[in-house]
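> no sequence for this one, just the structure:
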């Protein structure tokens, strides 16, 4: 079945540094991928929609200069948390669906636990 | 935009009992209704979905029912097992709006 791979699964970084998270669709091409943030015991909050070959679409309240998204190929999207601060510590999850319309299921990566010290 | 409400927020059942989780949605144009299971430290996994041309779909112990008139859909898990313990999420029409989640605990 369709698989989305996310890397790394866990990262610890110091305040002020940047962290890159990768999301790959392993057996289908994804023109669109999605990035979410999840706080403990909370639901997933959509941060941005990553579009292959064009700029990402950010949800209201999400700083695009803080969370840089690049979708350079049909199988890879990256999220870079720039100048990370402790409040950026969270669980980040990506998802993608095969390109057969809105009614196809989303496949999620296993998430990245970011801890900023 | 789409509004999705999910209830209950927590649910404890005895092993072997049934569990039901309900979601209501606001967009009457919605026609795809998925349920996801998320285990600790992992991403959500699709467990069942239903499209608006059917009212019920079953997959072994799991079923989803849809009431388009009332704009709600429910997840039913029968003969619950400890491994069913997880957080369950429904999602809205565009798959981008999630319910608040239900923590299901199956007590053995």
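Arrived safely, thanks for sending. Predicted, not measured: the structure shown is a model, and the values here were computed from it.
> isn't there a helix covering residue A:87?
Yes: according to DSSP: H, G, I helix; E, B strand; the rest coil, residue A:87 belongs to a helix.
> now it, nearest residue through space, not along the chain?
residue A:116 (7.8 Å; Cβ to Cβ, 6 or more residues apart in numbering or on different chains). Backbone N, C-alpha and C define where each C-beta goes, glycine included.
> so which bits of chain B are right by chain A?
B:31-32, B:34, B:36, B:41-46, B:49, B:51, B:89, B:91, B:93-101, B:103 (Cβ under 8 Å from any Cβ of the partner chain).
> one step back: next, count neighbours for the residue nearest to residue A:87.
For residue A:116, the tally of surrounding residues (other Cβ atoms under 10 Å in any protein chain shown) stands at 20.
> do the same with residue A:13
By other Cβ under 10 Å, the burial measure for residue A:13, its neighbour count, is 16.
> which of the residues of chain B next to chain A are buried?
Neighbour-count burial (16 or more other Cβ atoms under 10 Å in any protein chain shown) is assigned, among the residues of chain B next to chain A, to B:32, B:34, B:36, B:42-44, B:46, B:49, B:89, B:91, B:93, B:95-101.
> ok so, going back, please flag which of the residues of chain B next to chain A sit within strands.
When DSSP state E defines the strands, the subset of the residues of chain B next to chain A inside them is B:32, B:34, B:36, B:45-46, B:49, B:51, B:89, B:103.
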